[in-house]
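1. Fold the following.
(one chain, ligands or ions: 2)
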Amino acid sequence: MTMTQADAAVDRAAQALASGALAILPTETVYGLAADAADPRAVAALFQAKGRPRFNPLIAHVADLAMGRRVGVFDERAVALAQAFWPGPLTLVLPVADGDAVCDLARAGLDSVAIRVPGHPIARAVIAALGRPVVAPSANRSGRPSPTTFADALEETGVFALAALDGGPCAVGLESTVVALLDDPRLLRPGAVTREQIEAVIGPLAEAEDDARRSPGRMARHYAPQAPVRLEAAAPEADEAYLAFGPGAPEGPRVFNLSPTGDLAEAAANLFAYLRAADRTAPRAIAVAPIPTHGLGEAIDDRLRRAAGFVG
Ligand code: AMP
Ligand code: MG
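-> Ligands and ions are numbered 1, 2, ... in the order given. Model (predicted):
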């Protein structure tokens, strides 16, 4: 694509969103299905397309901190985290500043709002062209693994989108970390920015109470493939597919090594695409190798437990 073609595609996506339609946008975490955050009818269409329960609050994606400040109330900790990690895979849950900028339906009626600046330049360009926030949950049908390639996004929800932009495979491949700054800072969802990185900026994070209404991304059996998932498996059994990790892992047609060198960032980027690839072999189950739980491993472990149907 030339620059002019890319600009035209960005403008078309922004116009689609302004008209109340949905658009598939690349972000650095996963592909998003976007809607104008201020337009309740567009947000309703988004819930319908995803087949998602209506009470899930969505993340408002903004072009920069200035746009974020129109939506949420930033205290010192919020500004420090925004400066440290935006653009990037960190979502801040803040008191709402303008209840119309992100409509009630998008906030599930809460008086808080989740905000982030996506790292992918195409997503930021579309939001800047629209001039206001979009909500953009992962472009999968509800309960399925998030799409991390353009092809997977089209397969999941392409039929519902008036515009779809190809930004290449997602560099991070895991959803954003969600931190609430309403009272004590709280980790609502582990993700691509690690607990250690956040605590280095604002100090200790409290644990999230496992309250599915406050953070529905924490519901069990989320991100689930068709086949059952078996965790902590040293090796696959008969008729199982296998997600391996690290050097010296078994090999075979149904084995997908998340990172042959044992690199957690590479494993995160491959996680959802390999879950899908393993699922496509129609296995009796998908066995998954033990994966370290430090750093990015906390988020990988969280998603795998949800894929396996355990409450986190
Ligand atoms: P997704 O859009 O699929 O990446 O998921 C959005 C995540 O942000 C979910 O885990 C939501 O529960 C969380 N979230 C969004 N808004 C709020 C809010 N106001 N309070 C708490 N969690 C929120
Ligand atoms: Mg999702």
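2. And stretch 91-106, what's buried?
-> 91, 92, 93, 94, 96, 97, 101, 102, 103, 105, 106 (16 or more other C-beta atoms under 10 Å). C-beta here means a position set from N, CA and C on the backbone, and glycine is covered the same way.
3. how far does it stretch from start to finish?
-> Using C-alpha to C-alpha, to the nearest Å, one end of stretch 91-106 lies 15 Å from the other.
4. Just give me how far it sits from the chain centre.
-> Its chain's C-alpha centre and that of stretch 91-106 lie 18 Å apart, by C-alpha atoms, centre = their mean, to the nearest Å.
5. touching ligand 1 at all, that stretch?
-> Yes - judged by C-beta under 6 Å from any ligand atom, stretch 91-106 and ligand 1 are in contact via 91, 93.
6. How about stretch 139-154?
-> No - figure legend: stretch 139-154 not in contact with ligand 1 (C-beta under 6 Å from any ligand atom); closest approach 7.7 Å.
7. likewise stretch 193-201?
-> No - Stretch 193-201 does not reach ligand 1 (C-beta under 6 Å from any ligand atom); its nearest approach is 13.5 Å.
8. Flag every residue of this structure that's near ligand 1.
-> Residues of the chain lying near ligand 1 (C-beta under 6 Å from any ligand atom): 57-59, 91, 93, 107, 110, 112-114, 137-138, 175, 178, 180, 188-189, 214-217.
9. circling back: and the buried residues of stretch 91-106, which of them are in strands?
-> Among the buried residues of stretch 91-106, the members falling in strands (DSSP state E) are 91, 92, 93, 94.
10. Out of those residues, which is nearest to ligand 1?
-> Comparing those against ligand 1 with C-beta to the nearest ligand atom places residue 93 closest, at 4.4 Å.
11. which phi and psi does the residue nearest to the closest one when sequence neighbours are not counted have?
-> Once flanking residues are discounted, residue 93 sits nearest to residue 180: 4.0 Å by C-beta to C-beta, 6 or more residues apart in numbering. Per-residue torsions, residue 180: phi -90, psi 130 (degrees, to the nearest 10).
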